[in-house]
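Visitor: Got a predicted structure plus its sequence, pasted below:
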Amino acid sequence: MITTYQMFIETVVPHHQLIVSRTDLHGNITYANETFADISGYSVEELMGKAHHIVRHPDMPKSVFKELWQTLKREQKWQGYVKNLRKDGGYYWVYAEISGVYKENQLVEYKSMRSPVDDEIKIAMQRRYDEMRKEEEGVSRVVVYLKNEHIQKIQKLAHEEGCSEDSIIDDFLEDSLF
Ligand SMILES: Cc1cc2nc3c(=O)[nH]c(=O)nc-3n(C[C@H](O)[C@H](O)[C@H](O)COP(=O)(O)O)c2cc1C
């Protein structure tokens, strides 16, 4: 459960900057440039070896990544708009081009080059992804104000049960509403 304003703060990718990363065939980061580290809020060392999922934003529909991986498995280039999560809970938008890296005709890694996105496109994509999550996964983003004691109780329960705070709230609503 994010309880700070940080989730609403956007980091804008400057127009002259290019975010570059490479992964192994399972999506674990094998290379990250300084720009990727700066924009995501992690250090290059922190990013190395981690699953690229580390910057996955909860606003992104699952089907986008499913399609991404299906495209890569067909050994084709994937291009699309991605909202990413910063280490501090903030976000940044990129236009990503992801494709294979070949050595002696053999697929060895994947590489991604990302460039900035115009504001009108960010708004349109946010709307589209919100719709997709609603249609495909039956979930919507909701921001609510809760009492401190309730938040603490939810956090404690989630910790004890080893599940997410969202799922505690969801179970509670399921029990009391239905
Ligand atoms: C080269 C490469 C770059 C990727 N870049 C991102 C990215 O910037 N943001 C992101 O959320 N997923 C990215 N992915 C997809 C992730 O591997 C992952 O599929 C996605 O974050 C969804 O997580 P999940 O597959 O664990 O559900 C990238 C994958 C590859 C191969």
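Guide: That came through, no problem. Numbering: from 1, shown residues only.
Visitor: near the ligand, which residues of this structure?
Guide: 21, 23, 27, 52-53, 55-56, 60, 65, 68, 82, 84, 96, 98, 110-112 (C-beta under 6 Å from any ligand atom). C-beta coordinates here come from the backbone N, C-alpha and C atoms, glycine included.
Visitor: switch to 5 Å and redo it
Guide: Counting by C-beta under 5 Å from any ligand atom, the residues of the chain close to the ligand are Thr23, Gly27, His52, His53, Val55, Arg56, Phe65, Asn84, Ile98, Tyr110, Ser112.
Visitor: wait, what's in contact with the closest residue to the third one other than its chain neighbours?
Guide: It stands for His52. Among residues not flanking His52 along the chain, Gly27 sits closest, at 4.9 Å (C-beta to C-beta, 6 or more residues apart in numbering). Applying C-beta atoms under 8 Å, 6 or more residues apart in numbering, we find Gly27 in contact with Ala51, His52, His53, Tyr110.
Visitor: doesn't Ile29 make contact with the second one?
Guide: Yes. Proximity of His52 to Ile29 meets the contact threshold set by C-beta atoms under 8 Å, at 5.8 Å.
Visitor: higher neighbour count, those two?
Guide: Per other C-beta atoms under 10 Å, whichever of His52 and Ile29 has more neighbours is Ile29, with 23 against 20.
Visitor: Where does the more buried one sit, in terms of helix or strand?
Guide: strand 29-32 (DSSP states H and E).
Visitor: helices and strands around whatever helix or strand comes next after that strand, which ones?
Guide: Going down the chain from strand 29-32, the next helix or strand is helix 34-40, by DSSP H and E. Identification of packing neighbours for helix 34-40 by 3 or more C-beta pairs under 8 Å, 6 or more residues apart in numbering; DSSP states H and E yields strand 19-23, helix 44-47.
Visitor: The helix-or-strand element of the chain with minimal mean pLDDT: which residues count as buried?
Guide: Least confident element among the helices and strands of the chain, by mean pLDDT, DSSP states H and E: helix 165-177 (a mean of 93). Neighbour-count burial for helix 165-177 flags Glu165, Ile168, Ile169 (criterion: 16 or more other C-beta atoms under 10 Å).
Visitor: count of residues packed around the residue nearest to Tyr102 when sequence neighbours are not counted?
Guide: Excluding its sequence neighbours, the residue lying closest to Tyr102 (C-beta to C-beta, 6+ apart) is Val108, at 6.8 Å. For Val108, the neighbour count with other C-beta under 10 Å is 13.
Visitor: Report the contact partners of Val108.
Guide: Shown in contact with Val108 (C-beta under 8 Å, 6+ apart): Leu25, Val101, Tyr102.
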